[in-house]
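K.L.:
Build me a model from this:
(chains A, B and C)
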Amino acid sequence: MSSIQQMSKNHNPLLQIENLNVEFLNHTGNSIRAVREVSFTLGQERLGIVGESGSGKSTVGRAILSLIPPTGKIKAEKIALNGIDLQKLSELEMRKIRGNKISMIMQDPKHALNPVMRVGEQIAEALRLHNNIARSEAKQKVLDILKDVQIRDPERVYRAYPHELSGGMGQRVMIAMMLIPDPNLLIADEPTSALDVTVQMQILAIIDDLVREKGMGLIFISHDLNLMASFCDRVLIMYAGKVVEECQASELAQAKHPYTKGLLSCLPTVENSNQILATLNRDPAWLE
Amino acid sequence: MIQIHNLNVHLGSGRARVHAVRNVSFDVKQGESFGLVGESGSGKSTVLRAISGLYQNHSGEIQIDGEVQGGSKGIDFYKKLQMVFQDPYASLHPRHTVDQTLSEPLQIHKLDHVEKRIRTALENVGLGINFRFRYPHQLSGGQRQRVAVARAMILEPRILLLDEPTSALDVSVQAEVLNLLTILRIEHSLTYILVSHDLAVVAYMCEQIAVMNKGQIVENLSKEQIIKSQATEPYTQQLLAASKGYDRETARRLLQFN
Amino acid sequence: MMKEKSLSGWRAWILAETPDSALQARLSRFYLSWLSFKRNPLAVIGLMIVVFLVLIALFAPWLSLHLPTEQNLADRLQAPSSTYWLGTDELGRDIYSRVIHGSKITLYIIFLVAVIVVPLGLFVGTTAGYFGGIIDKILMRITDIFMAFPRLILALAFVAVMGPSIENAVIAITITSWPPYARIARAETITIRHSEFILAIQQQGASAWRIMFKHIVPLCTSSVIVRLTLDMAGVILIAAGLGFLGLGAQPPSPEWGLMISQGRQYLLDQWWVSTIPGIAIFIVSLGFNLLGDGLRDVLDPTNV
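P.N.:
Below you'll find the model as predicted:
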């Protein structure tokens, strides 16, 4: 265990993952190990999980919430939220956790929102699912959180349908919906990858402020290494299902694992534009 | 090599009609790599498609290699200019093998030495001969994009239009494809127009860059100017700042540009 | 990380990651589709029934015990026995042999309909979808006109003019069956028309015809094949219906529908005369339905 993990453990960690394995069986009987022996702890901090496609980063996020399709099997020594082992919970109990204690924002808000229901009603529904409050009180809370996500005209957005919203607006609505129950942990799975770079900044600022204000833990999953380094406190780099590197975001440039170093050096910048980009030499040893 | 003068393109009809490209003008010298960068809806892809001849009813002048484009195109036009598309999962026909995809342009233009040309095309993009009879779903994103580049190169064009060629690829694969494009440009003295929303890619690949917003060119920059952060327009400055990674201060100062 | 079972022999060849020839690639795709198809037991049953039908039709002369038109009035209306496996009809003809020979007629009808309807529908639909505009409008209105005809009424009209026969029944069925295929082809074409791979081949100077036939039509074939197999059941029933009404095959032809019609009056006491050919129609229709469903799951899995 690294010293970083030891430090977090002493302060009653928000989330503890020990030896997480996720395996998928496809119809020809072959098994694919999407996540292999992943362990980390999370306090009230921001953890970035970075990897390319197929690295298993999204699967980790979903495994925490037990949202893996039936062809997959989760096996872990521990998946604990504030000490409670999530693996031991029944589906009914797990539903009280999802969207309530642990929320997840995904890449495309249009997939998460019901297209035939007005936005305000959906958020109110999500709120009343976990809290027994009156409709009018719920509506007020929704309008409040819409203001918190920098929506200038909350009444209009409350009455709008999802397809009437732009990408950035839709993402804000999703954040509102996921943060309204005041969760302890927010998992963001590529929330800004489909957005323009300036909208991305705005959304990240909103997440930044809200996470700080409400004192939540954040797991931010992305493929963008530089973004993670600038937004998160700690970064985990994943390759082929395994964590190959873990470090403080500020120390990313001093990364040790050849995959991380390779990833950093193959990014195009205006400064290295007179050179051929270094390409990654995938060592088969990384697959072990 | 390429001269665009007052290009205007309207998309859609009736109430959904959009003035996608407004009075865009720029020149690209032979052998140069020219970049168009902008966010979604800026019109950059539309400009590229107008140059490729997709829109019959643009207004303004498009001159390629001295010839003004307009109306119908002779078959030789396609040998001069080829395009590489963004989505490697959509730009290859799902039921055609790599061999079929590469041999078809040769059939259309009745070129000879088909066997040799196909082998050379595959070699030039770094794909071995054992990729020849695979279907697209048996290829990775990077491999598909290489096939797309091979397909574009097989007619030996002088100009390549690149529409977000690496946006859908992983970072490590992107590096390989960008390297391939760089090498091909040098080896074959090609002229590139590269469109991307990723400023880093455009700044890396191109010597001259035009920044677009809402259908118009906001500013023209050279690579040196980007290195020295010498943008003059506020939109460009904002774009440059936002591309550097997350910063709370930058986010606070973001403005809306209409 | 994937753990794979090792393969040997021809299996290894057909499932090779890197095929060496176009043929190998095509066979490989076909084999994988077959494996997927095989997993559905009902679909396999459907396929077996259809194959059975084809085999019976091919080997009819060898499989039947008596001549299908041979009358033996002394033995009329006999129950199934060891001489006449499925009994005899009102003219003493062996029902078993007649059913066997009737399968040839069924196959003939299906084949003719398929061979006309599919190319016609694909051509009209793809052209309408690709060119759009006025061509689309005209072709679709023509399609609508043909689709408006009720099959049986048209068949009656046709037969009144042309005289009753199997060929005329087939023509009547074909005329009213092709529109849905045009619509399917048009819908698929419109979906694909603006795909990047179509733009790419346009960018290489391909003519409209090349694009339509080499690029668009191959992507329509799955939907069309599924529709065809499911339609076959309906076609068989309509042909039988026409035969029943005396508008299709004429006596003494052993067409199944005709056999049902001729055995109507004996339904209560000599049930086998009408029921046996009825069961044959039922089994074949069912077979095509199951096959069609199975093909749809394999070829077009998103369309449940």
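
K.L.:
what residues are up against the residue most central in space within chain C?
P.N.:
When CA atoms, centre = their mean is applied to chain C, the residue found nearest the centroid is residue C:232 (3.6 Å). Listed by CB atoms under 8 Å, 6 or more residues apart in numbering or on different chains, the contact partners of residue C:232 are C:110, C:114, C:285, C:288, C:292. For every residue, glycine as well, the C-beta is placed using N, CA and C.

K.L.:
Count the residues that sit near the second one.
P.N.:
Which is residue C:114. When counting by other CB atoms under 10 Å in any protein chain shown, one arrives at 18 neighbours for residue C:114.

K.L.:
what's the offset of stretch A:41-52 from the middle of its chain?
P.N.:
Between the mean C-alpha location of stretch A:41-52 and the chain-wide mean there is a distance of 8 Å, by CA atoms, centre = their mean, to the nearest Å.

K.L.:
hmm, back to that, of the contacts of residue C:232, closest to residue B:142?
P.N.:
Closest to residue B:142 out of those is residue C:292 (38.8 Å), distances taken as CB to CB.

K.L.:
average model confidence for the helix or strand containing the closest one?
P.N.:
Assigned by DSSP states H and E, residue C:292 belongs to helix C:272-299. Per-residue pLDDT values across helix C:272-299 average out to 88.

K.L.:
Buried ones in it, by neighbour count?
P.N.:
Within helix C:272-299, the residues that count as buried by 16 or more other CB atoms under 10 Å in any protein chain shown are C:272-278, C:280-281, C:284-285, C:287-299.

K.L.:
can you check stretch A:177-197 too?
P.N.:
Neighbour-count burial for stretch A:177-197 [16+ other CB under 10 Å]: A:177-181, A:183-192, A:194-197.

K.L.:
same thing with stretch A:118-136?
P.N.:
Buried-residue list, stretch A:118-136, by 16+ other CB under 10 Å: A:118-124, A:126-127, A:130.

K.L.:
same check, this time on stretch A:63-70
P.N.:
A:63-66, A:68.

K.L.:
just checking, which of those belong to helices?
P.N.:
Residues from the buried residues of stretch A:63-70 lying in helices, with DSSP state H as the criterion: A:63-64.

K.L.:
what's the most distant pair in the buried residues of stretch A:63-70?
P.N.:
Farthest pair in the buried residues of stretch A:63-70, by CB to CB: A:64 and A:68, 10.1 Å.

K.L.:
At the contact with chain A, which residues of chain B appear?
P.N.:
Residues of chain B lying close to chain A (CB under 8 Å from any CB of the partner chain) are B:39-40, B:141, B:170-176, B:178-179, B:182-183, B:197, B:199-201, B:203-205, B:223, B:226-227, B:238-239, B:242-243, B:245-248, B:250-252, B:254.

K.L.:
just the buried residues of stretch A:63-70 that are near chain C?
P.N.:
Counting by CB under 8 Å from any CB, no member of the buried residues of stretch A:63-70 reaches chain C.

K.L.:
that older thread, what's the per-residue pLDDT of the residue nearest to the centre of chain C here?
P.N.:
According to the prediction, residue C:232 has pLDDT 86.

K.L.:
Can you verify it is assigned to a helix?
P.N.:
Yes: counting by DSSP: H, G, I helix; E, B strand; the rest coil, residue C:232 falls inside a helix.

K.L.:
quick one: the least confident helix or strand in chain B by mean pLDDT to chain centroid distance?
P.N.:
Counting by mean pLDDT, DSSP states H and E, chain B has its least confident helix or strand at helix B:248-252, which shows a mean of 78. How far helix B:248-252 lies from its chain's middle: 31 Å, per CA atoms, centre = their mean.

K.L.:
One more: stretch A:145-154?
P.N.:
22 Å.

K.L.:
Summarise which helices and strands the longest helix seen in chain A is packed against.
P.N.:
In chain A, with assignment by DSSP H, the single longest helix is helix A:197-214. Judged by 3 or more CB pairs under 8 Å, 6 or more residues apart in numbering or on different chains; DSSP states H and E, the packing partners of helix A:197-214 are helix A:167-179, strand A:185-189, helix A:225-231, helix B:234-242, helix B:248-252.

K.L.:
What is the burial count for residue 254?
P.N.:
Just going to use chain A. Residue A:254 has 10 neighbouring residues, counting by other CB under 10 Å.

K.L.:
Hmm, no, I was thinking of chain C.
P.N.:
Residue C:254, neighbours per other CB under 10 Å, totals 26.

K.L.:
measure it to residue C:89 for me?
P.N.:
Separation of residue C:254 from residue C:89 (CB to CB, to the nearest Å): 10 Å.

K.L.:
strands paired with the one helix or strand residue A:218 maps to, and their directions?
P.N.:
If you go by DSSP H and E, residue A:218 is part of strand A:217-222. Strands that pair with strand A:217-222, judged by DSSP bridges, come out as strand A:46-51 (parallel), strand A:185-189 (parallel).

K.L.:
and the angle from it to helix A:197-214?
P.N.:
Between strand A:217-222 and helix A:197-214, the angle comes out at 160 degrees (axes from the mean of the first three to the mean of the last three CA atoms, to 10 degrees).

K.L.:
Only C-alpha atoms, please: export strand A:217-222 in CSV.
P.N.:
Written as CSV, here are the backbone C-alpha positions of strand A:217-222 (Å, rounded to 0.1, in the frame of the first residue of the first chain):
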residue,chain,number,x,y,z
GLY,A,217,-15.9,13.4,-2.6
LEU,A,218,-15.5,13.4,-6.4
ILE,A,219,-14.3,10.7,-8.7
PHE,A,220,-13.7,12.2,-12.2
ILE,A,221,-13.3,9.7,-15.0
SER,A,222,-11.8,11.0,-18.2
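
K.L.:
mean confidence score for that strand?
P.N.:
Strand A:217-222 carries an average pLDDT of 93.

K.L.:
Figure out how far that strand is from the centre of its chain.
P.N.:
In terms of CA atoms, centre = their mean, the centre of strand A:217-222 is set 4 Å apart from its chain centre.

K.L.:
where exactly do the helices run in chain C?
P.N.:
Per DSSP H, chain C carries helices over the ranges C:9-14, C:22-38, C:41-58, C:60-63, C:95-131, C:133-148, C:151-162, C:166-177, C:179-192, C:196-202, C:208-210, C:217-244, C:256-262, C:272-299.

K.L.:
The last one vs helix C:41-58, what angle?
P.N.:
If you take the same axes, to 10 degrees, helix C:272-299 sits at 130 degrees to helix C:41-58.

K.L.:
Are helix C:272-299 and chain B in contact anywhere?
P.N.:
No: judged by CB under 8 Å from any CB, helix C:272-299 and chain B are separated, with a smallest distance of 11.7 Å.

K.L.:
Report all helices and strands that that helix contacts.
P.N.:
Helix C:272-299 sits against helix C:22-38, helix C:41-58, helix C:95-131, helix C:217-244, helix C:256-262, with contacts defined as 3+ CB pairs under 8 Å, 6+ apart.

K.L.:
Most tightly packed of those helices?
P.N.:
helix C:256-262 (a mean of 24; mean count of other CB atoms under 10 Å in any protein chain shown).

K.L.:
partner residues bridging the residue nearest the centre of chain A?
P.N.:
Of all residues in chain A, the one closest to the mean position by CA atoms, centre = their mean is residue A:188, 2.6 Å from it. Beta-bridge pairing for residue A:188 (DSSP bridges): residue A:105, residue A:220.

K.L.:
Assess the claim that it and residue A:107 are in contact.
P.N.:
No: here residue A:188 does not reach residue A:107: they are 9.4 Å apart, not a contact under CB atoms under 8 Å.

K.L.:
if we can go back for a sec, any shared contact partners between residue C:254 and residue C:89?
P.N.:
In contact with both residue C:254 and residue C:89: residue C:98, using CB under 8 Å, 6+ apart.

K.L.:
Not counting residues beside it along the chain, what's closest to residue A:151?
P.N.:
Residue nearest to residue A:151 in three dimensions, not counting chain neighbours: residue A:157, with 5.2 Å by CB to CB, 6 or more residues apart in numbering or on different chains.
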